[in-house]
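Participant: One predicted model, sequence on top.
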Amino acid sequence: MINYVDIEDHLQAVFGNGWALKSNQQKFKESIDDLVKIRLEAMYLAGVKNSSERYTYITMHKELLQAVANGDIDEEIIPEMNTIKNWIQNYHAKYMKNI
């Protein structure tokens, strides 16, 4: 036989009161450091100016890692490749809207 009182006590201990309230939820939106944004914008705009110099999200990530190796920026502020890919898509949409 299942003891529902024990299950409820266990769930209360694990989750606590109000665990599902929107006000208690954490936001996990990763923001890109301003120094990295400047570098990403420069790489994007270099590709706009000259299509032969167009960067992909992979090459942008490699350039950022090269900047880390040169000591220009800290490794902790380098975003993941997927974050860079999303940034490019959003920046492109804003760029095209402002043209």
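Facilitator: Perfect, I can see it now.
Participant: helices or strands up against the longest helix seen in the chain?
Facilitator: Secondary structure assigned by DSSP state H gives helix 81-98 as the longest helix of the chain. On a contact count with 3 or more Cβ pairs under 8 Å, 6 or more residues apart in numbering; DSSP states H and E, helix 81-98 meets helix 34-49, helix 57-69. Heads up, the C-betas are built off the backbone N, CA and C, glycines and all.
Participant: Dump those into JSON lines; add mean neighbour count as well.
Facilitator: As requested, the helices and strands packed on helix 81-98 are exported to JSON lines (neighbours: other Cβ atoms under 10 Å):
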{"stretch": "helix 34-49", "mean neighbour count": "15"}
{"stretch": "helix 57-69", "mean neighbour count": "15"}
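Participant: Return the helix or strand in the chain with minimum mean pLDDT.
Facilitator: helix 4-15 (a mean of 69; mean pLDDT, DSSP states H and E).
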